[in-house]
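# Fold the following for me, if possible:
(chains A and B)
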Amino acid sequence: MTLVLIQKELRRNWPTFLMLGLFTWLVVFTIAYRVNADGTGGGAFPGVGWGLLYMMPISGIILGHVLISSEYQAKTQLFLEGLPLPKWRMITWKLLLGFFLACLYAVGSVLIGWLLAMGSEPVTGRFLGILLTSACGWAMFSAGFFFVTGFLGRYRIIIYLTLAITLLLVINSTIPISDFPPYALIANSRFGFEREVWPLFDLKITAAIIIGWIAIAYILGLAKEGSISSMLGEKMSYREKMFIGGAFGIGLMTLSPFLFEEPKGEPFAIPGAIEEDWEGVTVTISSEELNKPVDLEISIAAKLARRLAQARDWLGIPEADFPRVFVVEKSDIEEVERIDWDDVEGENVVLMYAGYRQPEFTEGRLLSWTMSQVLRKNSKDRVTHEDRWWIVCGLEGLWEMEEAEPETIVEREQMAVEAVQKEGLTIESLEGWSLYQDEVEWRSADAVAWMGMRLLQEEKGREVVQKLAKATVTKPFTRKDARAVVWDYSNPVKPAFEAATGESLESFVEKWRNYILSFSKETEEEERE
Amino acid sequence: MISREQPILKVRDLKRSYGNFVAVDGLNLQVNEGEIYGFLGVNGAGKTTTIRMLMGIIAPESGTIELMGETSRRTTLKQKQKIGYVSQEQVFYPWMTARMLGKFVGGLYPEWDKQEFERLLNILEVPPNRKSSQLSGGMRVKLALALALAPRPSLLILDEPTAGMDPVARREFLDIIEHQAREYGRTTFFSTHLLNEVERAADRVGIIHRGKQRFEGDLSLLQSRVKKIKVAEGTVMPAGFDVWKVMDRSPDDVSGMQEMVVDAPPELWTSSGLTGERLSLDDIFISCVGVATMKI
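Predicted coordinates:
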């Protein structure tokens, strides 16, 4: 009995199901590919999340229409009810088939992300599990909702329009929608970034909502022996269409000032700030309080501009591409850092916060972190890809340690030693640098990277480091299109390292690890003995 | 095993309302094995509601349905698998061919006979590979009949199957029904508002009006029970005589006599000494449902 129901749906709708799947996967692939190429979204998986965010509701609308609404619109449920087939069974199999297809599209989309991430991002079983459960949770939520609306027949159009307007209002509001499940499962701040923690709370809430949808679907399908859904399934009259169209138009016109408010297009600026230029590098600095002497600001800005210009030339970044740098005093940043940064959307600007009057502040760190933000901005985030982020971290260390105190250097060396003793250092550590940073704590990972660059500089000279940097973290990453991905695939880090240094990365990592371990206190004591 | 002359369907005090409207009100009926039962009533009398209750599509508010020896409040799935059903409106999946429909419907009946279905399509001249949307109204009813008969049901229920058919198609269809019933001893329950269909095909008839049963029995019994009489104005009818309709009198009529249609058992007519005029089935039906002034 079950088989004929499934066969009936597949025989009738297989082209729709197939085309919907292909279309979903094509859209997800395009977005994920673009986000990956763009480098601003953190890799392929956040792109998959974006794709699923839009495509699962679209799939849900179509599945709900094909499986539920069309049955009632064509009145074929009258034919079914004359057969020895309980209504609940008919509804159950339609829901199960719909959920299965929605999950199939979601799983396929995650696998597309996996294919795109291959070679640039490590994908553990746990990470994949988190991605799949989150994607399927969102898919089932969307499908469940649109199955319910499928039972509402002609009135579902009103629900869709109301929903669209509400969503536009919410998106344009300050409501933190990404904190609420089920949206939290697929939100761009989490999907593809969270690797370790299962979103259990979000999944539980989503499951509860899905169960709610299923219950409502059964109530609508079975209430009054299905007569309600039959009545709602009648086609909309001309008068109803006109009324709904008119109401929607009026609603849209009324709400349009709130829906389509354009952000102000003024260029980013800090009025009254100190500005220093050095060979095309502009540094603007602003203190927390007005009416203070600005000698310190002038000094920091001048020095930073000069050193940024040197680093820019050393890396070969064209002057025109170099972002404007803003430094804003902020004294309440954590003691160990004293420096922070923020993104300025849509502008070629690096915005740094620094507690530069605090004792722990160092100009070297401000330079190195500003430079890494410059590289990130300049490469449209592509340098943050795991396989090459360690190079940026190493360069940061070189810049920071140029003027560091000897005790800071020793302290940093010991951090590297402890990290390597704890988690080792292998090619996999470099390829999955974010994971390595999580495992050993990011400051220790930075110390490891710095020691690597220092070793390379000591062994092969500063020119080789420069050659490696130019080959891997500066040009030609700035392309904001698919060419960057092609470049990535055709210029992986390992051969680039070998070309720049004349040594394989594998053998260098071996030396690097031993180099770090030679700074351990035990080794030093043994040598002394 | 149910023997012949035994009831295959027995309905007791069946009731169903839609809001304040009582569609079926305490209906009783009995269909015996092997007979053709005509369920007669005007539009809106409650025929379709009764059939939907018999098919388990809707549940009765009260009353019982005894089908093939099993009594239940609502027809079960197992009972439904032994019933062939042709609904009033033939809504098939338009993209399915007759053969596809047979395959789909066959999957829902354990005793589906594929050869029988093919044979029926052939006999009824339904093209097996034509989409249902391309079939004429008459063809669709024939297809529905083939689908209803292929599982070799114990009971065939037809809800106004000839509605919308032209007279030739209607006659052809009734021939098929009759042939199926007589040849294979298939119990058939069919509803109609057309008296001539009942006259032509039914062994027994049940008349329903405003949700209540007005008569059940064979047609010859009906004619021997319901007669027109002429009595003095103000005459009180003896017990057992049920007045169905009192005729309107002409304003010029000063005779003091009143014509009426009365229902009573034949033995009561004999014992009471009253003599009534035999009526045509048309007249009996019209006076039963009281929808028009008769010119008798």
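# So B:V231 belongs to a strand, correct?
Yes - the assignment for B:V231 is a strand, going by DSSP: H, G, I helix; E, B strand; the rest coil.
# Is it bridged to anything, and to what?
Beta-bridge partners for B:V231, by DSSP bridges, are B:Q258.
# Now do the helix or strand hosting A:F243: distance to the chain's middle.
A:F243 belongs to helix A:238-259 when assigned by DSSP states H and E. On the basis of Cα atoms, centre = their mean, to the nearest Å, helix A:238-259 sits 36 Å off its chain's mean C-alpha point.
# Now the element after it, going C-ward?
strand A:274-278.
# What pairs with that following strand, parallel or antiparallel?
strand A:281-286 (antiparallel).
# residues making contact with the partner strand?
A:269-270, A:272-277, A:297, A:300-302, A:304-306, A:308-309, A:312, A:322, A:324-329 (Cβ atoms under 8 Å, 6 or more residues apart in numbering or on different chains). Backbone N, C-alpha and C define where each C-beta goes, glycine included.
# Name the residues that touch the helix or strand just after it?
Per DSSP H and E, the first helix or strand lying C-terminal to strand A:281-286 is helix A:295-315. Residues from elsewhere that reach helix A:295-315 (Cβ under 8 Å, 6+ apart): A:274-287, A:319, A:322, A:325, A:327, A:356-357, A:363, A:366-367, A:370-371, A:374-375, A:399, A:466, A:469-470, A:473-474.
# Which of the residues you listed are buried? Put it as a ChimeraX command.
Here is the ChimeraX selection string for the buried members of these, based on 16 or more other Cβ atoms under 10 Å in any protein chain shown:
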select /A:274,275,276,278,281,282,283,284,285,286,287,322,325,327,356,363,366,367,370,371,374,375,399,466,469,470,473,474
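# Now do the buried residues in stretch B:44-61.
By 16+ other Cβ under 10 Å, the buried positions in stretch B:44-61 come out as B:45-58, B:60.
# again but with stretch B:145-161, I slipped
Neighbour-count burial for stretch B:145-161 flags B:145-151, B:153-161 (criterion: 16+ other Cβ under 10 Å).
# among these, which are in strands?
B:L155, B:L156, B:I157, B:L158, B:D159 (DSSP state E).
# okay if I get these as a markdown table plus distance to A:G49 and pLDDT?
Shown next, in a markdown table, are these (distance: Cβ to Cβ, whole Å; pLDDT from 0 to 100):
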| residue | distance to A:G49 | pLDDT |
| --- | --- | --- |
| B:L155 | 58 | 92 |
| B:L156 | 58 | 93 |
| B:I157 | 55 | 94 |
| B:L158 | 57 | 92 |
| B:D159 | 53 | 91 |
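# between the residues you listed, which is closest to B:S250?
Proximity of these to B:S250 (Cβ to Cβ) peaks at B:D159, which lies at 41.1 Å.
# number of nearby residues for the residue of the stretch 251-400 of chain A found nearest chain B?
For the stretch 251-400 of chain A and chain B, the shortest gap (Cβ to the nearest Cβ) falls at A:G251, measuring 34.1 Å. A count of neighbours around A:G251, defined by other Cβ atoms under 10 Å in any protein chain shown, yields 13.
# in chain B, which spans are strands?
Applying DSSP E to chain B gives strands spanning B:7-18, B:21-32, B:36-40, B:62-67, B:70-72, B:83-86, B:155-159, B:187-192, B:204-209, B:212-218, B:226-232, B:242-246, B:257-263, B:277-278.
# if you compare the ones you listed, which one is most tucked away?
Looking across these with neighbours counted as mean count of other Cβ atoms under 10 Å in any protein chain shown, the highest average goes to strand B:36-40: a mean of 26.
# Where do the domain boundaries of chain B fall?
Chain B breaks down into these domains under automatic domain parsing: B:7-219, B:221-289.
# Not counting its neighbours along the chain, what's nearest A:A471?
A:A496 (4.6 Å; Cβ to Cβ, 6 or more residues apart in numbering or on different chains).
# how near is that neighbour to chain B?
Between A:A496 and chain B the computed distance is 58 Å (Cβ to the nearest Cβ, to the nearest Å).
# what do you get for A:G246?
Taken as Cβ to the nearest Cβ, the span from A:G246 to chain B is 32 Å.
# how many neighbours does the residue of chain B found nearest chain A have?
Proximity of chain B to chain A (Cβ to the nearest Cβ) peaks at B:G107, 3.1 Å away. By other Cβ under 10 Å, the residues close to B:G107 number 18.
# Please report phi then psi for it.
Here is the backbone geometry of B:G107 (degrees, to the nearest 10): phi -70, psi -10.
# Am I right that it is in contact with A:L3?
Yes - counting by Cβ atoms under 8 Å, B:G107 does reach A:L3; the two are 6.5 Å apart.
# sorry, back to before: how about the strands of chain B, which one is nearest A:L26?
strand B:83-86 (45.5 Å).
# The closest one pairs with which strands?
Here strand B:83-86 is paired, per DSSP bridges, with strand B:155-159 (parallel).
# Around chain B, which positions in chain A sit nearby?
Taking Cβ under 8 Å from any Cβ of the partner chain, the part of chain A that reaches chain B is made up of A:1, A:3-4, A:7-8, A:11-12, A:74-76, A:78-79, A:81-86, A:225.
# one more time with 10 Å
A:1-5, A:7-8, A:11-12, A:71, A:74-87, A:89, A:224-227 (Cβ under 10 Å from any Cβ of the partner chain).
# and the ones in strands among the buried residues of stretch B:145-161 as CSV, adding distance to A:G346?
Listed next are these as CSV, based on distance: Cβ to Cβ, whole Å:
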residue, distance to A:G346
B:L155, 75
B:L156, 74
B:I157, 71
B:L158, 72
B:D159, 68
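# quick one: which of the residues you listed is nearest A:R190?
B:D159 (57.0 Å).
# Which residue ranges of chain A form strands?
Counting by DSSP E, the strands of chain A are A:274-278, A:281-286, A:324-329, A:339-342, A:349-354.
# pLDDT score for the residue of chain B closest to chain A?
With respect to pLDDT, B:G107 scores 90.
# How much space separates it from B:E118?
Separation of B:G107 from B:E118 (Cβ to Cβ, to the nearest Å) stands at 16 Å.
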